[in-house]
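Asks: How does the following fold in three dimensions:
(4 chains)
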Number of protein chains: 2
Amino acid sequence: MTTPRQNRRRERAARGIPEATVARLPVYLRALTGLQERGVATVSSEELAAAAGVNSAKLRKDLSHLGSYGTRGVGYEVEYLVYQISRELGLTQDWVVAIIGVGNLGRALAGYGGFASRGFRVAGLLDADDSIVGQEISGMTVEHIDRLEDMIARHGVSIAVIATPAGAAQGVCDRVVAAGVTSVLNFAPTVLTVPDGVDVRKVDLSIELQILAFHEQRKAGGPDGPAPLVAGDAPPGTKQYVEPVEA
Amino acid sequence: MTTPRQNRRRERAARGIPEATVARLPVYLRALTGLQERGVATVSSEELAAAAGVNSAKLRKDLSHLGSYGTRGVGYEVEYLVYQISRELGLTQDWVVAIIGVGNLGRALAGYGGFASRGFRVAGLLDADDSIVGQEISGMTVEHIDRLEDMIARHGVSIAVIATPAGAAQGVCDRVVAAGVTSVLNFAPTVLTVPDGVDVRKVDLSIELQILAFHEQRKAGGPDGPAPLVAGDAPPGTKQYVEPVEA
DNA sequence: AAGCCTTTGTGAATACGCGCACAAAGTCAC
DNA sequence: GTGACTTTGTGCGCGTATTCACAAAGGCTT
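Replies: Residues are numbered from 1 along each chain as shown, chains lettered A, B, ... in the order given. A predicted model of the protein is given here:
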């Protein structure tokens, strides 16, 4: 038996899904699994868009990049859409992850439930600090960074999560790339330089806070407006930046 | 004494810095402070762009939104630029942060050095779990979530960091917004709904990993290409999605 | 003081993303 | 079977972001 829907499958998906769409697919997926757990079988673009916090036209256009998976007059079948998005994102296969750097953040990542739940398996934890190596964290024993290449090869690690101090990040990155890893998630506050063909995504708390601070300041009147200064409200014309004494 | 540069100060900055630019300013700032520590006094757009990992024309256009702070033929004075960007981002004043949810991630955030270093002061940690309340973490005692409104008011909290489980996030968010907070950094894997005038930024590990997985799969040949399936390489035409038995 | 050299700041062209609004397509009631 | 109703899929216009390429501007040397 073949439904019309399946015949239409993948007539789109012209090998070029916009990056902005890719970034939203995981959000849709999460909303859909939520609906699934609540036993919802069918959802309209309007409802799903509301759950995902986006415009419904945008949602429909995003989904149209994957193919025609909806039914006009009805909506989308939740379970089917979950499968299609999962498949497009590559979540129908397992991805092996190594976490490098076991400080506060590395520990938090190691214990993060969201990894396992979606086909991401943590192969191991690595650190350079001898006082940390050997510790048991979230059921895994921390290994020494010397074993990095070995671990990547043996477990088939395809995604490296870098949670080291800033100074060590580029060195670690170079090593994982040399070992064949082509996807890196970087939590260290540094710009990583990688060769073409390697993807790096960056998560940076400090940057997010600074962006919030910018907007917060705006609301309060902007940098030239009321109360931008902590101390020493200077009279107009006074320099706020003190030039260095040397030439 | 007034230099020509200072006369020219803020002739631009027409109260509308593009969002994309704002998001890059913290990156520039970090690169600049790095140069500053290494004793570099002057930097060209080419050098700074390389350090920040962006195109040099983009960097110049970004900086031009703040004003004309460079010197043609020479470049930008590092210290001066650090000051101007800090000022524009609102880092010349202190921002008070509350961390809500003291699980693995909340703990990591509490101990994150990047907070204090740039004018972000953690007012306190809050959690709903009685077995966590009272614990001392990074020099702070975890308080009960009941005291949320009290803490916001007394410490003048302006940014709330939500690191609770997904289910609790919206409730907590509603409370902090009701208490007057207009900037939220959300680590919980949920879409937060807020009234106009409130900024929410989201950090989501799981989403970042899924985006990486998408690209990684692409490199391996795409979902229709080689090896997307873990098991059961089905002959062509075989359905990969099994329809539920019920209608 | 004049001319050369470097680097900024920006106009213009291109690409990208978003959202409206509507035709096409399907369902459901009768 | 027919018509009314619902919801998808998308053409189109608009605004934003990115990049190129160059004229304007400053410094430095002679």
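Asks: all contacts plus neighbour counts: C-alpha atoms, from now on.
Replies: Fine.
Asks: Could you report the neighbour count for residue A:16?
Replies: Close neighbours of residue A:16, defined as other Cα atoms under 10 Å in any protein chain shown, add up to 9.
Asks: how far away is it from DNA strand C?
Replies: Distance of residue A:16 to DNA strand C, computed by Cα to the nearest atom of the strand, to the nearest Å: 9 Å.
Asks: All the helices of chain A, in order from the start?
Replies: A:4-8, A:19-37, A:45-52, A:56-64, A:78-89, A:104-110, A:113-117, A:148-155, A:166-178, A:205-219 (DSSP state H).
Asks: Throw those helices into JSON lines and include mean neighbour count, mean pLDDT and distance to DNA strand D, thanks.
Replies: Putting those into JSON lines (neighbours: other Cα atoms under 10 Å in any protein chain shown; pLDDT from 0 to 100; distance: least, Cα to the nearest atom of the strand, whole Å) gives the following:
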{"stretch": "helix A:4-8", "mean neighbour count": "12", "mean pLDDT": "33", "distance to DNA strand D": "9"}
{"stretch": "helix A:19-37", "mean neighbour count": "17", "mean pLDDT": "97", "distance to DNA strand D": "12"}
{"stretch": "helix A:45-52", "mean neighbour count": "19", "mean pLDDT": "96", "distance to DNA strand D": "4"}
{"stretch": "helix A:56-64", "mean neighbour count": "17", "mean pLDDT": "97", "distance to DNA strand D": "4"}
{"stretch": "helix A:78-89", "mean neighbour count": "21", "mean pLDDT": "95", "distance to DNA strand D": "10"}
{"stretch": "helix A:104-110", "mean neighbour count": "21", "mean pLDDT": "94", "distance to DNA strand D": "28"}
{"stretch": "helix A:113-117", "mean neighbour count": "14", "mean pLDDT": "78", "distance to DNA strand D": "27"}
{"stretch": "helix A:148-155", "mean neighbour count": "16", "mean pLDDT": "98", "distance to DNA strand D": "32"}
{"stretch": "helix A:166-178", "mean neighbour count": "17", "mean pLDDT": "98", "distance to DNA strand D": "22"}
{"stretch": "helix A:205-219", "mean neighbour count": "21", "mean pLDDT": "95", "distance to DNA strand D": "13"}
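Asks: Tell me which of those sits nearest to residue B:88.
Replies: Across the helices of chain A, residue B:88 has its closest neighbour in helix A:205-219 (7.0 Å, Cα to Cα).
Asks: can you list the domain ranges for chain A.
Replies: Following automatic domain parsing, one finds the domains of chain A at A:4-89, A:95-205.
Asks: Can you lay out the helices of chain A as CSV showing distance to DNA strand C?
Replies: Putting those into CSV (distance: least, Cα to the nearest atom of the strand, whole Å) gives the following:
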stretch, distance to DNA strand C
helix A:4-8, 8
helix A:19-37, 5
helix A:45-52, 10
helix A:56-64, 5
helix A:78-89, 15
helix A:104-110, 28
helix A:113-117, 25
helix A:148-155, 32
helix A:166-178, 25
helix A:205-219, 18
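Asks: Now render the ones you listed as a markdown table, adding distance to chain B.
Replies: Rendered in a markdown table, the data for the helices of chain A read as follows (distance: least, Cα to the nearest Cα, whole Å):
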| stretch | distance to chain B |
| --- | --- |
| helix A:4-8 | 8 |
| helix A:19-37 | 6 |
| helix A:45-52 | 6 |
| helix A:56-64 | 15 |
| helix A:78-89 | 4 |
| helix A:104-110 | 5 |
| helix A:113-117 | 6 |
| helix A:148-155 | 16 |
| helix A:166-178 | 11 |
| helix A:205-219 | 4 |
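Asks: Format those as CSV; extra columns: distance to residue B:168.
Replies: Shown next, in CSV, are those (distance: least, Cα to Cα, whole Å):
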stretch, distance to residue B:168
helix A:4-8, 38
helix A:19-37, 15
helix A:45-52, 16
helix A:56-64, 26
helix A:78-89, 24
helix A:104-110, 19
helix A:113-117, 16
helix A:148-155, 36
helix A:166-178, 32
helix A:205-219, 21
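Asks: what about these, which gets the closest to residue B:213?
Replies: For residue B:213, the closest of the helices of chain A is helix A:78-89, at 6.3 Å, according to Cα to Cα.
Asks: Can you list the helices and strands that that closest one packs against?
Replies: Contacts defined by 3 or more Cα pairs under 8 Å, 6 or more residues apart in numbering or on different chains; DSSP states H and E place helix A:78-89 against helix A:19-37, helix B:205-219.
Asks: do you know which of the domains of chain A lies nearest residue B:93?
Replies: Smallest distance to residue B:93 across the domains of chain A (Cα to Cα): 18.4 Å, for domain A:95-205.
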